[in-house]
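Chemist: Can you look at this prediction? I've put the sequence above it.
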Number of protein chains: 2
Amino acid sequence: MARIAPNPVKGTRDYLPKDLVRREHVFDRLRTTFERYGYEPLETPVVENTSVLEGKYGEEGERLLFRVLKRGQDLESAVASLGEDRSAGALSRQLADMALRYDLTIPMSRVIAAHQNEILLPFRRYQMQPVWRADRPQRGRYREFYQCDVDCVGSRSMTVDAEMIAIYNDVYSALGFSDFTIRVNHRGLLDGLMEGCGIPTERRVAALTALDKLDKIGERGVRDELEKAGLAAESVAPLMEAIGLAGTPQAILDALRPTLDRTESGRIGLRELTEIFEALSAMGVPAARYALDISIVRGLAYYTGMICETRLNGSQLGSLGGGGRYDRLIGMFLGRDIPAVGVSFGLERIFTAMDELGLWTDQPATNTQALVALFSPETLAASFALATELRRGGVNTEVYAEPKELRPQLSFASKKGVPIVCLVGPDELARDAVTVRDLRSGEQQAVPRAEVVAKVKAALASA
Amino acid sequence: MARIAPNPVKGTRDYLPKDLVRREHVFDRLRTTFERYGYEPLETPVVENTSVLEGKYGEEGERLLFRVLKRGQDLESAVASLGEDRSAGALSRQLADMALRYDLTIPMSRVIAAHQNEILLPFRRYQMQPVWRADRPQRGRYREFYQCDVDCVGSRSMTVDAEMIAIYNDVYSALGFSDFTIRVNHRGLLDGLMEGCGIPTERRVAALTALDKLDKIGERGVRDELEKAGLAAESVAPLMEAIGLAGTPQAILDALRPTLDRTESGRIGLRELTEIFEALSAMGVPAARYALDISIVRGLAYYTGMICETRLNGSQLGSLGGGGRYDRLIGMFLGRDIPAVGVSFGLERIFTAMDELGLWTDQPATNTQALVALFSPETLAASFALATELRRGGVNTEVYAEPKELRPQLSFASKKGVPIVCLVGPDELARDAVTVRDLRSGEQQAVPRAEVVAKVKAALASA
C-alpha cells in the first residue's frame, strides 16, 4: 500500500484521549460556572457566508480568513470572469463564497438578528467553539484553536458588568488558581482623564497605546512613548499620577473624582465603576481578587465602557482572559445598537498556566476505571457477565479484546492508566470469586463474586 | 447602519440554547455509554490536507468536499498556472490545499498512523464531531451535520464485534427507545451463501444490491431485480430461502450450516456469528433486541465481516445507525492492514425518532433553575447575596439584569422555562424572608431567608 503523510494540517492538533480528559475537565468547569449564572449555550456553524465576515476584522483580519472555495458551476464562472487584479486578496474574494469562523462575537451578533423572535433579551449566552486564523503557526499559537466567550446582550445595567468579574473569579477558582487579579478599568474613565489632562482627541489613541504597554515597559517607558507621541511631560502628569495610584477601587476613584467630575465621560466612568464595585462586594467576590487598574486599555475600536483582564500574579504568562462592555457592535446585523458586555477565556493560556502551576494533580489519564482481563475461552462468559455488572454499577469497564496471558493485559491497563484490573480464571470461577488488582498500590486480592462491584467502587472512591 | 443578511450558510444550522439542551442530553447519554465500555474520546481538526482526503470517498464523495482556498502567494501561483482544464473538478484540485472533514473514519485512520507510538492497540475510541458535505440541502439533510462513531481498532476478536451490539442496545435503551431491533449479518455468510448458490463472482454485487432492497421492495421485488441481473430464479432459490428463515440466530445458523460449511467464507461467517451471539448472551443483552437478518448488506466496498444495523420496529424512519467489521481500511496511512470494527449513530434520525415518539418529556427548556428578580436599587445587595448563596448551593441562578416591575420579570422567566423565581423586596428584607414562586404550579410563599436554598432545591427535585 502506498503511504500518505499522516500529519494533521499545519497549525492544527489531534486531541488524543489523554488530552481530552484534561480539556474536558476545564471545559466542564467553565460550562458549570456559566450555567450557575444562568448563561445558556449557543453553537453556530463552522462556516459563514463571506458577506457576514467581510469588513468586520480589519484588513489584517480579512487576510487571515480561511475561505471555502466555490463549487461546481459557480467556481467555473468565477474563474472564467477573473479580472485584471490577480492579487491574493482580489482572488480570494472572487473564488470563495464562505469562510471558516474567525471569532465568536460576529456569529453571535448574526444569530441575534436571525433569531430575534426566539431570543429573549437580555440574552446570556456562552459559546466554546474552535475558530480559524491563517496566522503563521508558532509555539503556542495555532491556526485552529478554541475560543470561549460569555456575553450578556441587551442590558445596560452595571449588575451584568459586575457579574462578568464574578464569573471570572469563580472559573479561575474552580480551576485551582489562587493567586490572580482581575484588573478592571473603564473607557469613560480613561477618556475623562485624558480630557481632564487636555490631551487632544487626535492624540488619545497614541496615549492609550502607550498606556497599554505599562506592564511591559514600565512607567518610564510609557512616559517616553507619550513624549514621542508629542505629549509633553507636564500635560500627561495627571494621567501618570492616576496610573500610580494604589489602594482599594473606591480609594482610587475618590482620588480621581475631582478630575473625572469635570467631564461627561469621566462622570459616567466614575458612576459605573462605583456601581460595579458595590455589586461585586454584594456578590461576595473577595476584594483581593480584583483591582481598579487604570493602565488596562484593551481593543480600542471595540469597547465602550467597563474593560477588564485577568492575570496571574507573579507570572509572565500575560492575560488569561479579558473583555468588557461593547455597546456599539452587536447591532450591525439588526440595523440598531444593542448594548452588550462579555468576557473571553484564553483557553490555551489557561492550559499552559495549569501545566506550569501543576494544577492537574487529580486528573486521571483516562476515564476508564477497570479492565476485565480475559483468561481463556472457557471463562469468557463469566468475564462478560462481570463486566456487565460493573458497568451497571456505574464503573467504566473495558474488557480486554481476547484471552491472553495476564502480563500483557496488566501492562496494557498500566500504560493506559486504568487503575483496577479484574480477572476471572478457572480457579476464581471454581471458588465463585474474582481477583481484583489495584495497579496504583499493586495490592491484589480474591474478592467474593457478589462483592466485586462494591469493592471496585470503594477502591476507586478511595483514590 | 446597513443591514447584512443574518442567515446561516445554506444547509447549516444555528443551535440555540433550547436546541442544545436536547442535543446535550443525547450526546451525554452516548458519551456515558461509550465510556462505560472503556471507549475514549478522540477529536481531530475540522480541516485536513487534501492529500489525506482525496481518493478516499469515490468520485461522488470527492465532488462533495468543501475545499479551503489556498492563500497568499500560493493562491496567486495556483491561479497563474491554471491549465487548459477549467472544469470545477480540475480547478478545485489546483486552487485548494485543505478540505473540511467529510467523515470520521479517515481522520481516525490518519491519527492512528500519526500517533502510533502513543496509541495502544486495541484502541477503543469514540468521536462526535461535525462533518461537511456539499450535498443539495433538503428536509432533514444538512451540509454541516454531526457524526458519531465508535470503533475498536487492532483486534480481530469477535468479543469486540459483540460489544458493538451491546453498546447499540445500551445507547438506544438509555435514550428511551424500547421497540428496536439490531439486525446482524456477516459478509462471509453472504459470500458463502452466494458461492453455495453458484452465483458467479461478477454477479455478486448485483445480487447483494438487490438483496439490500428487501425492506423497500419485498421478496417479490428482490426476485425481480435478481432476474433482471441475469440470475435465474432456480439459481437464487437457496438465497431466497435463507432470507425467508425466521427464528433465533442459532436456529437460522443451524438451518444454513449445510450450505455454509461448503465454503471457506461460509465457515468463517458461521463461526464468527456463533461467537458473537454467544458473547451477547453472556453480556446479558436481551435476545429480543437483536436478530440475524440475512438481508442486511451495507457498504459493499467497506465491510469484511460482521455487519449490523439498528431499526425501530414499526417505523418508516429507516436505520438509526449501522456498522460492522472493516479489516482492510484503517491501514492506508500506515502501509499495513489493521483490523477494526465500529458502528455509527445516525444523530439526526435519532432526534427525529425521539420527536416522533415523544421521548423528550422530562427535558427542561433551559438549564437555568431559578431567577432572582430585582425590585429596587435598595434591595440589589440582598438579591445578589441570595443569588450567590443559591449558586453555591448548586442551583443555576440568573439574576434579572436590572430593577423593574415584577410582571415582566415573571414573564421573562416563564418564557424561558425557568421554574423558580425568588424575590427580595423591602417587605421581605424587613422580615428576613424571600418570596419563592414556583412558575410550574403558580404556588408562591414567603420562605425564611435561612431556608431558601433548601426550599428551592427541594422544589427542583420534586418536579
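Modeler: Sure, I can see it.
Chemist: Next, count neighbours for A:Val47.
Modeler: Neighbourhood size, A:Val47 [other CB atoms under 10 Å in any protein chain shown]: 27. (C-beta placed from N, C-alpha, C; glycine too.)
Chemist: Just list the residues touching A:Pro130, thanks.
Modeler: By CB atoms under 8 Å, 6 or more residues apart in numbering or on different chains, A:Pro130 lies in contact with A:46, A:101, A:144-147, B:46.
Chemist: Next, format those as a markdown table and append distance to B:Glu40, neighbour count and secondary structure.
Modeler: Listed next are these as a markdown table, based on distance: CB to CB, whole Å; neighbours: other CB atoms under 10 Å in any protein chain shown; DSSP: H, G, I helix; E, B strand; the rest coil:
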| residue | distance to B:Glu40 | neighbour count | secondary structure |
| --- | --- | --- | --- |
| A:Val46 | 24 | 25 | coil |
| A:Arg101 | 27 | 23 | coil |
| A:Glu144 | 21 | 19 | strand |
| A:Phe145 | 22 | 18 | strand |
| A:Tyr146 | 19 | 18 | strand |
| A:Gln147 | 25 | 19 | strand |
| B:Val46 | 21 | 25 | coil |
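Chemist: in the stretch 301-450 of chain A, what residue is nearest chain B?
Modeler: A:Glu398 (2.5 Å; CB to the nearest CB).
Chemist: How many residues are close by that residue?
Modeler: For A:Glu398, the neighbour count with other CB under 10 Å is 27.
Chemist: so it makes contact with B:Gly38?
Modeler: Yes: if you go by CB atoms under 8 Å, A:Glu398 and B:Gly38 touch, sitting 2.5 Å apart.
Chemist: what sits in contact with each of those two?
Modeler: Shared contacts of A:Glu398 and B:Gly38 (CB under 8 Å, 6+ apart): A:368, A:371, A:418, B:124.
Chemist: Mind checking which of these land in strands?
Modeler: A:371, B:124 (DSSP state E).
Chemist: gap between A:Leu121 and chain B?
Modeler: The spacing between A:Leu121 and chain B, counted by CB to the nearest CB, to the nearest Å, is 9 Å.
Chemist: Oops, could you answer that again for A:Lys216 instead?
Modeler: 30 Å.
Chemist: now the stretch 201-350 of chain A, which segments are flagged as low pLDDT?
Modeler: Of all residues in the stretch 201-350 of chain A, none has pLDDT under 70.
Chemist: wait, what's in contact with whichever residue of it sits closest to chain B?
Modeler: Ranked by CB to the nearest CB, the top residue of the stretch 201-350 of chain A for proximity to chain B is A:Ala282, at 3.8 Å. Applying CB under 8 Å, 6+ apart, one finds that A:Ala282 lies in contact with B:380-382, B:384-385.
Chemist: Leaving out the residues flanking it, which one is nearest to A:Leu189?
Modeler: Nearest residue to A:Leu189, sequence neighbours excluded (CB to CB, 6 or more residues apart in numbering or on different chains): A:Gly269, at 3.1 Å.
Chemist: Pull out the buried positions in the one helix or strand that neighbour maps to.
Modeler: Counting by DSSP states H and E, the element that carries A:Gly269 is helix A:264-282. Residues of helix A:264-282 classed as buried: A:265-270, A:272-282 (neighbour count, 16 or more other CB atoms under 10 Å in any protein chain shown).
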